[in-house]
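Chemist: The following comprises the amino acid sequence and a computationally predicted model.
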Amino acid sequence: MVQTILHGIPVSAGISIGKVYFMHRAGMHVVSHEPVHPDRLGYELERLDMAFDRARQELKDALDKVPPELKEHASLIDSHLMILADPKLQGSARRILEEQCIEAEWALDQAVERIADVFAAIEDPYIRERIQDVRAVSERVMNHLALLDRDNGAAALAAKPLSNRVVLMANDLTPADTIEIEVEKIMSLATEQGGKTSHTGILARSLQIPAVVGVSGLCETVKDGDLVIVDGLNGKVIVNPEEAVLGTYGDLKYQFEKYHQTINQACQLPAETTDGFRIMVYANIELAEEVTAALDHGGEGIGLYRTEYAFMHRRQLPTEEELYEEYKDLASICAPRRVVFRTLDVGGDKIVGVEPTDEANPAMGLRAIRFCLRHEELFKRQIRAILRAALHGNAALMFPMISGLRELNQAKFILAKAQRELEAEGVPYAKDMPIGMMVELPSAVVIAEMLAPEVDFFSIGTNDLIQYSLGIDRTNRYVSYLYQPLHPAVVRSIKHVVDAGHREGIEVNVCGELASDPYCVPILMGMQVDGLSIAPQAIPGIKRIIRQATLEECKDLLRDVLAANTVSKINRQVKETVFKRFPEEVMFFSSLLDLDEG
Amino acid sequence: MKPNERTASRGDLEEDVVSGVVAEVCVLNEQGLHARPAAKLAQEAQKFVADIQLVSGDAQADCKSILDILTLAAAQGCGLELRATGADAQEAVEHLTEFFKRRFGEKR
């Protein structure tokens, strides 16, 4: 077997050495790419037909239950039934299965992809999109295949043992896929698609396993069961590694794990530079359960609690009592450390029970504070719950996506209304809770000095600020190369906000991925930000950088960065300095920056 | 008027359609062969045992497959050829030609 080295983008640090397991393209289902024994061919064909039959029956039953007034839904079911009966799907899956002697799942997957290829070439966008119906139908059949597998127990299971930890590979992983992954069985991730900010990276970092994305040739080159090294430090996938390479990587893996042990041991120490500059390091969390991870990794509180979850993935909107209970628990577990509750930061499309709006450009549409101001009762419910919960700990409230003074005042007006109501009802609440705002729109940056007197703190949301400042949708692969966290405009924007806040005597924190990037943190320190709020797993490493640095050298670096007029000059400057000072962090961390250019 | 059909017995060149029936048809409805019309057309075709193909230029589609029909992306005014072979080929072509004329039962 010949060693092959594939290159990709490292998105989660670490090294893993293990056997490959391929996940079905569309996710959900783990598909074996191994040929099956010819004896099993008949069984697989039968399974495929049975899954189609069951899917058909399921849809027919559904059709019977559709009340006459909902005819439109029925026509969708009708067309799905047509697709199920279509010779192009089932027939071609059967043929592929027989020709290649493979599992039913993979055969179906290939049949769908062949149809998708043909559809992709169709000019009429309406017809082209009908491929989604084909995918939906195939998902349904896949589900039945999976169930049949379980019904038939041992025989099928023997073909796909996931008893040992594996290197999980896929063409791409979506958030939906990851729900089904047995996380404890995964030692690392590698995908053919995806970029620096893809979901795979977020998942891998939260699991603290190595990951490489955007690996071209992955699906083609790697087979189930191959021995691979996933190098999440340098962005490599090495297939069938040679003996010597295995040795080198074994050493590197050991060093990396030792480094992690060291930083984890020191993670509860305060983040203070050797010349006495103290900076707070908080955690960003989305679920109240994550608070344990946040505190275990040395978080000095929660700098950003994303409160959306309670409003999504459920049938009814949460009551004030439900929100209060959730917030109270979080505040009291963290006490005396601070918890910053960010009010709802989504659009109506994600919220249950809210009539969806038809928007051409939702990222710039009715979302976050704008959505809340339009749904005042919902907004007030959340604010009341936070005000009440704040009595049980050290809580603060923060408004997202504020674009100007008027919007801020409107939000504060509703806050005041909530306070008056609670007062009148005799419900106890915290009267002195700090109120802050996110600075994530360029307009808020420019008028930061006008906003600062109106709040107790700023939190700079760099992810959105970068996107809105540079006009880049970072998930759009055609322009994602322009997502440059250290663009001179971004650096200056952040500095402007920090200075404006400090002149007014308010606290300025930075949340967003920039705050956990080893290359960017020294620059933020040079600006003397008061706090960073980052993913729990990033806290130990960032604290270690801070504890080794001096404020003086960070100020020097900032001066050099501000003097440079292009991203590549800045990146080069930062790379040189940080690399020299923090070689381990650089080696063992993945960065957002595109440092290879220039 | 009878559909523009002819029994394909034009010698060696079309040996593969010896027992076949061919007819020219035209897409008349406003939407063209979109999902619903395509579904209906496939449903109608499935009533016959004959192998029925729809030909548009270089492209050929199995008339019993909604997916295949969709890939033709045939718009209003588009001329197609129906080719059927098998036991009930004649009936199938007559029936489907009529169905094309009725705009697949679409209003417009």
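Modeler: Here it is on my side, so go on.
Chemist: packing partners for the longest helix along chain B?
Modeler: Across chain B, the helix with the greatest residue count (assigned by DSSP state H) is helix B:89-101. Helices and strands touching helix B:89-101, by 3 or more C-beta pairs under 8 Å, 6 or more residues apart in numbering or on different chains; DSSP states H and E, are strand B:5-7, strand B:21-26, helix B:35-45, strand B:51-56, strand B:79-85. Glycine gets a C-beta too; all of them are placed from N, C-alpha and C.
Chemist: Any stretches of chain A with poor pLDDT?
Modeler: Per-residue confidence for chain A (pLDDT under 70) gives these ranges: A:24-32, A:67-74, A:149-164, A:174-182, A:197, A:313, A:589-598.
Chemist: typed the wrong thing, it's chain B
Modeler: If you take pLDDT under 70 as the line, chain B has these spans: B:1-19.
Chemist: Close to chain A: what parts of it are there?
Modeler: Proximity of chain B to chain A is confined to B:32, B:34-36, B:39, B:42-43, B:46, B:62, B:64-68, B:70-71, B:73, B:75 under the rule C-beta under 8 Å from any C-beta of the partner chain.
Chemist: Residue A:550 contacts residue A:274, doesn't it?
Modeler: Yes - the pair residue A:550 / residue A:274 is scored as a contact, 5.4 Å apart, by C-beta atoms under 8 Å.
Chemist: Which one's more surrounded, those two?
Modeler: Taking other C-beta atoms under 10 Å in any protein chain shown, residue A:550 and residue A:274 do not tie; residue A:550 has more neighbours (16 against 13).
Chemist: what sits against the residue nearest to the spatial centre of chain B?
Modeler: For chain B, the residue sitting closest to the mean C-alpha position, by C-alpha atoms, centre = their mean, is residue B:82 at 3.6 Å. If a contact means C-beta atoms under 8 Å, 6 or more residues apart in numbering or on different chains, then residue B:82 has B:21-25, B:52-55, B:63, B:93, B:96-97 as its contacts.
Chemist: repeat that for 7 Å
Modeler: B:22, B:23, B:25, B:52, B:54, B:93, B:96, B:97 (C-beta atoms under 7 Å, 6 or more residues apart in numbering or on different chains).
Chemist: Now it. Nearest residue, chain neighbours left out?
Modeler: residue B:23 (4.7 Å; C-beta to C-beta, 6 or more residues apart in numbering or on different chains).
Chemist: and residue 51, how many neighbours?
Modeler: Using chain A. 25.
Chemist: that answer is for a different chain, and I need it for chain B
Modeler: So residue B:51, with other C-beta under 10 Å, has 17 neighbours.
Chemist: How about residue A:48?
Modeler: Residue A:48, neighbours per other C-beta under 10 Å, totals 24.
Chemist: circling back: closest to chain A out of the contacts of residue B:82?
Modeler: Of all those, chain A sits closest to residue B:52, with 11.7 Å by C-beta to the nearest C-beta.
Chemist: give me every residue that touches the closest one.
Modeler: B:45, B:63, B:64, B:82, B:84, B:92.
Chemist: what about the strands in the stretch 251-400 of chain A?
Modeler: A:280-285, A:301-306, A:338-342, A:394-399 (DSSP state E, counting those that start in this stretch).
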